[in-house]
Every structure is written in C-alpha cells, then in structure tokens.
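In: could you work out the structure for the sequence below:
(chains A and B)
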Amino acid sequence: MFSLEGITNAIQNWLYNTFNPSWALVFECLIVILLATGLFAILGLVLVLMERKVAAHIQIRLGPNRVGPGGMFQTVADTLKLIMKEGLTPDLADKFLFNLAPFVVMIVAMLLLAPIAFARGFQIWDLNIGVLYVSAISSLSVIGILMAGWASNNKYSLLGAMRSGAQIVSYELSAGLSVLSIVVLSGSLQLSDIIASQENGWWLFKGHIPVIISFVIFIIAVTAETNRAPFDLAEAESELTAGFHTEYSGMRFALFFLAEYINIFIVCAIGATLFLGGWMPLHIGHWQAFNHIMDYIPSSIWFMGKTFFLIFLIMWFRWTFPRLRVDQLLNLEWKYLLPISMFNLILVTVIAILGWHF
Amino acid sequence: MYTQTEIIKDTTVNGSEGELVINVGPQHPATHGVLHLVITLNGETIKKIEPHLGYIHRSIEKMCESLSYRQFIYVTSRMDYLSSHINNLGSAHCVEKGMQIEIPARAKVIRVLMSELTRIASHELWLGAMAMDLGAFTPFFYAFREREMINDIMEETCGARLTMNYMVPGGVMYDIHPDFQQKVKAFVKQFKEKVTEYDDLVTNNIIFQNRMKGVGILSKEDAVSYGCTGPVARGSGVSCDIRKIFPYEIYDTVAFDEVLETAGDSFARYMVRVREMHQSIRIIEQLIDNIPEGEYQAKTKAVLKLPKGEFYSRVETARGEFGVYIVSEGATTPYRIKFRSPGFSNLSALEHMAKGSKLGDLMATMGTLDLVIPDIDR
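Out: As a prediction, the model looks like this:
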C-alpha cells in the first residue's frame, strides 16, 4: 500500500543517523519550510486556475485557454505580470503598516498549514491542541485586514476593513461551535486523534442530523471567514471598488489574493479533517472487504479529493449567489446561526454522552 | 496641494463630525458610466446623495440644430444607446408628424418588432448589470446569451448591433433580411426555454429577494412628483405606458398588458422589467408571422422642411417616456430641439429612495433604476 509515511520516516531516520539530533532538527525544519513554501505557491496557482475554470464552466464560457495546454500556465503568467508591476504606496498612507499588512495576512495563512494532516503520517506539527490552534490563529488574519484598511488612508478601504472586522469576529463564533461538536464526539483536540476516531466511518455519517447541521453551519461560517461571496462584503466591488485592498498593487496585492486562496484551502482541509475523515478512506462499520478495497486508494488522494470537493462547493457559492447586505450578514450570524449552533452543540453532547452515534 | 491636516479638517471631503463623504464615481463599478455621486455616510447609513452630472455632456440638443431633419435622428442613438432604436423612432415620429407623412403598414410592423426586440435586449443587459451590482456575476453571462441573439438579428437587418440607425422619416431604411422571421422565431423559442434559468438563478434566490424586497421604496405620489416614467413608475403602480396611453404605430392593434406592480420597492421594479420582457415576446409572436407585404418606406422629398410651428412626440423606451420637442422656423434644420429623457427624472428620485438605507442598498436601488448615463447628460 502506497503511503507517504514511509518516505517521511526514511528521511527522518537518515537525518538522525547522519547528524547529531540538534542539527537534524534544523535540517528537518528547513525541509518543512521549503515544502510549505512550495506547497503555498503551487496551491495558489492551482486554486486560482481552478476558480477561473469553475467560474467559466458555470458561466457557459471557456475560461483561460491560451497559455499552455488548456490554459494551465495562465496563473504563472499572471504571477509574472504581478511581480513586474510597480507596488505603489499612496502618499498619505501609513507606510509601515501598509507594507506590513499583506505579510501579516500571509503569515497567518502559512501558520495554519502546520497542523493539517495531508496524508497518513504526513503532518508538519501534530500538536495536542490542534483544533484550538487553528481557531486561535485563523482569527488573527482580521488584524492584517484591519491594518490594510486603516493604513491605506482610503475611505473605501476603511469601510471594507470595518465590515471585515465585524464579519470575521462574528462568524468565528459559529465556526468554533460547529468545530466543537466534533471535538465533543471524538473527545480530543488533536487532529490525528480526530482522524483516528473516524476509522469506522466519517463523523458526517456517524453523528446523525446534528453533525450534518454543524457541517452546514461550518461551511457557511468559513465562507464568511474567508471573505468569499456571498459574504464578500469586505471587497464588495460594486460598492467599495475593491474594499480593503483598493490601494494595493503589484506583488502586495498578489499576497492578499494568494492568502485568500490559501485560507480557502486551509478551512476546507480542516472541514475535511473534522467532518469527512481527513486522509481516512471511506470505511463503513464492519464491512471488512469494502474497507480493505478502499484502503488501496492512497490516503493523500482521499485527503485532497475531500478538500477539493469542499473548495469546489465554496467556489460554486461564489458564482451563484448575490452578496448579502452588511446588516443581513450580522443578522444571519447572531439571530440564526449562533443560536442554532449552540442548541446543536447541546444535542451533540447528549448524543456523545449516551453513545448514540455509530 | 493639501497637507494631511487640511484634508482632515475639510468638511467637503470628510463631512462634519461622525460623517464620511465618499465619492462614488465618476469611475466606479456600480455607476455603469461616468455618473458621480457624492454620498454622505454615517457609518454605513446614507444621509445624503448628491449626483454630479456633466461628465459626458456632448450638447446633443445643440448639435441637432445644425443637422437636417434626416440627419439628427441618428444622433439620438448616442443618448440612450441601449434603446437607440426606440429613440430613433421617437425622433422620426416627430418629423413625420410635422411633415404629415403616411407610413406604410409594413414599415409600422417592422418598427414595432424592432422596438420590442430592442426593449428585450435592453432589459437583458439591465438584468445582468443589476445582478452584478448585487455581487452575482453569473446572471450577466446568462442574460448576454440571449441578448447576443438579438444583436445578431439586428446586425443582419440593420448592419449594426448597438446603434442601429435603421429609422428614416417615412419608414425604415432597408427591408428586413430574408432570415429575419426565422431567426426571431428561434430567439423567441430559446428565450421561452431559458427564461426559467433566470428565475432559478435570480428571482427565486432567497438572498436576492431579501436584498430587493422593501428596499428603495418609491410611493405612487413620489413617483409622479419626481416625474418618473417607465418601469420605475410602473413599479410604484403609476400607469404610464405610452404604448397604451398614446398608442403609436400599431400598438393599439396588438394585445399586450401594461405591467404594473404596486409595492414600489426594488423587487417590484425588477418584476416589472422581467414581466415586460414576456409582454414584448407576446407582441413579437403576434406580429412575426403577420408582416404585411408592400413598401417599407414612404416616398418622401429628399430635403425635408418642417412647417413653422412646434411639434412633440413621445415613445416608450426601455427606460420610460422619451419625448422629442421640435421648434421649426420652416428651415431645413430645426430651430430648437429638446429631448425629454427618462433617465434624468428617474435619477432625481434616487436620493429620496436611498436615503437612510445602507450603502449596499444604494447599489441595488440604482441598479433597478436602470440608468444609462449618456441619456441623463445628453
């Protein structure tokens, strides 16, 4: 059976046998940094292309099809263009914060990659409070956005940033509560434990209706947290031209753009890990033969398949729905999603205590 | 040059205490042209809207004074370019009224068919643009799919897709293309099949309905006192369809309903336009197989000279009432021309409709006014 675990273990053994432990750790860190940065770039390119192709398909057109086979290198060409463009800083902007903001947003997105298990045994940092870590770090990105909006000294940017602040802070709550329902069921905050608890079936199928409700709430909340349509009020191009990144150009704009897509990937990866079993193949209870066949599909493919399915879902939203108004957005969270997810959490707790789940 | 502190103190830039003044336009994605709105905001709530016009003023009325009665018709295409054909029709009408030209039956039917096709094309573009104002991109492409078919029909018969210049005093410039009837029938068939997609994607969408219902309310009295016409007024329950009140061409012989909604909100205006497209299809279906044979253009003199006097005619464009007022001194060119464009009056109601609502609602309201800026500025 193909597994990335073998490769990672082999590399680790070789490093620890060749160098003394502290140097081995340094080299491991370097390899991880390289991999993470590479993954970052590749994900950005793939997701932007995917978004454009999905949009084109929904909008009965072809999408990029000139650069490379089937337009595959379109995003590479775009990136080259953005690198060569002038990164303009407005005269009256707060230059330090203005230049810092895209990096804050980017670093937050990078930090979130740490606890994600890409395949069996292929995880950068399996810390014991993984879920808490993700919730804590992901709420930091609002600081970068507020920074960008404030430092640009542009009224559109300021309005966009304030909207984004209100939005991310509110939706963080129901995202957190829906994640908690899985924590309650699996009894652990560690992502590897949560995946292991789905050995005999994914939580989405095992946890009855309450888990399905929290999955739906999770998808809505993370769509809002990543500022995607129908919750893209922070950018709202028909109202605020481009919202908080109106004044950004060149590579600084590209960093915001890239961070948006990486954030989508991360929230979808978290969603796939919590509700759809992460890299765990589709197992149904005690159907030994079926489970065994499913095991032949590599775990990395399971993980990527689930994640990209959720990403497609979020892209589908964007190209179908109109945008909410700012007060409707907050109404939806505080009057509907939050009470529902609180009540739902109680239901899930009851199910977990009584052991009613499969 | 301002210094930073001066800008902060200047109330025309920043508003007074607790207010924020933003300039929407002249270049802004939501204004669909060079309209400039100076908006005073309190948080996200709109306190004041001040439209600044004149960015695309070309003094069309003055230009028309130096053009002959045959020539000036085509300048009106450049006002409301989305219903250019109907503008031309109104202008040609006014000249025909003055010269007392009798128009052949075939020309009348062709004119009405073209007008209704133009109306559908204009409403299709509005549908897409308005959905875009609300942040939904996809309806734009769906609407353009059908609009493209109309443009192709226009291109075949008139030789142009947007500013058709198909009208001459006394009829139309050329006869219709041999494929015209067949292509129009294909369009009607496609439209009827695909219109359910608009309903699925836009009309029945819960987010869309929440954004439109109860927003940008214009009461019947206000609609009348602001001089609103067209779908904007009909959304508030004002019966103002020129095709019904003062029928021109053959509108008194075809069966169609004047679409009226009473709610007066953005959704009512939306529904008026969508239902109007269906009524236009109904008119086209009645006429497409019954185009009478005969002349497509009346015999007229090469140089037209309107008798001394004042002439007024009006037509129903996709945006409302379009009036042409000609003062003639008996010369080959008009002494004075005044156009009554629907967009200008409709825009004047914007502040009344959007005051006190959120910034996002302003875009929805403005979208349902269906503004074409060259029509407002002229």
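
In: taking the stretch 251-378 of chain B, what residue is nearest to chain A?
Out: Proximity of the stretch 251-378 of chain B to chain A (Cβ to the nearest Cβ) peaks at residue B:360, 4.4 Å away. C-beta coordinates here come from the backbone N, C-alpha and C atoms, glycine included.

In: for that residue, which non-adjacent residue is spatially closest?
Out: In space, and not counting its chain neighbours, residue B:360 is closest to residue A:325: 4.4 Å by Cβ to Cβ, 6 or more residues apart in numbering or on different chains.

In: who's in contact with the one you found?
Out: For residue A:325, the contact set (Cβ atoms under 8 Å, 6 or more residues apart in numbering or on different chains) comprises B:210-211, B:358, B:360-361.

In: so what pLDDT did the residue in chain A that chain B sits nearest to get?
Out: Proximity of chain A to chain B (Cβ to the nearest Cβ) peaks at residue A:323, 2.9 Å away. We have a pLDDT of 86 for residue A:323.

In: what's the closest non-adjacent residue to it?
Out: Closest residue to residue A:323 apart from its sequence neighbours, by Cβ to Cβ, 6+ apart: residue B:135 at 2.9 Å.

In: so the one you found, which state does it fall into?
Out: coil (DSSP: H, G, I helix; E, B strand; the rest coil).

In: just checking, what packs against whichever strand or helix holds residue B:232?
Out: Here residue B:232 is covered by helix B:230-234, with elements defined by DSSP states H and E. Packed against helix B:230-234, as judged by 3 or more Cβ pairs under 8 Å, 6 or more residues apart in numbering or on different chains; DSSP states H and E, are the following elements: helix B:220-225, helix B:266-288, helix B:342-348.

In: now check the second one, is it near chain A?
Out: No. Helix B:266-288 lies out of reach of chain A by Cβ under 8 Å from any Cβ of the partner chain, never closer than 11.8 Å.

In: circling back to that earlier point, from what I can see the residue nearest to residue A:323 touches residue A:235, true?
Out: No. Counting by Cβ atoms under 8 Å, residue B:135 stays clear of residue A:235, with 9.4 Å between them.

In: mind checking which of the two has more residues around it?
Out: residue B:135 (27 against 24; other Cβ atoms under 10 Å in any protein chain shown).

In: now the more buried one: how far from residue A:241?
Out: 13 Å (Cβ to Cβ, to the nearest Å).

In: now the helix or strand bottoming out on mean pLDDT in chain A: how far from the chain's centre is it?
Out: The helix or strand of chain A with the poorest confidence is helix A:237-240; it has a mean of 75 (mean pLDDT, DSSP states H and E). From the chain centre to the centre of helix A:237-240 is a distance of 25 Å (Cα atoms, centre = their mean, to the nearest Å).

In: and if you look at stretch B:259-273?
Out: On Cα atoms, centre = their mean, the centre of stretch B:259-273 falls 16 Å from that of its chain.

In: same check, this time on stretch A:320-337
Out: Distance, centroid of stretch A:320-337 to centroid of chain: 21 Å (Cα atoms, centre = their mean).

In: now that stretch: buried residues?
Out: For stretch A:320-337, a neighbour-count test (16 or more other Cβ atoms under 10 Å in any protein chain shown) marks A:320-326, A:328-330, A:332-333, A:337 as buried.

In: then stretch B:114-123?
Out: Buried, per 16+ other Cβ under 10 Å, within stretch B:114-123: B:114-123.

In: then stretch A:143-158 to PDB, C-alphas only?
Out: The C-alpha trace of stretch A:143-158 is given here as PDB (Å, rounded to 0.1, in the frame of the first residue of the first chain):
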ATOM      1  CA  ILE A 143      -5.700  42.200  12.200                       C
ATOM      2  CA  GLY A 144      -3.900  42.200   8.800                       C
ATOM      3  CA  ILE A 145      -7.100  43.200   7.000                       C
ATOM      4  CA  LEU A 146      -7.900  46.000   9.500                       C
ATOM      5  CA  MET A 147      -4.300  47.100   9.200                       C
ATOM      6  CA  ALA A 148      -4.500  47.300   5.400                       C
ATOM      7  CA  GLY A 149      -7.800  49.100   5.500                       C
ATOM      8  CA  TRP A 150      -6.600  51.700   8.000                       C
ATOM      9  CA  ALA A 151      -3.200  52.300   6.700                       C
ATOM     10  CA  SER A 152      -4.300  52.800   3.100                       C
ATOM     11  CA  ASN A 153      -5.900  56.100   4.200                       C
ATOM     12  CA  ASN A 154      -8.800  55.400   1.700                       C
ATOM     13  CA  LYS A 155     -12.400  55.600   2.700                       C
ATOM     14  CA  TYR A 156     -13.400  52.600   0.700                       C
ATOM     15  CA  SER A 157     -10.600  50.600   2.300                       C
ATOM     16  CA  LEU A 158     -11.600  51.700   5.700                       C
END
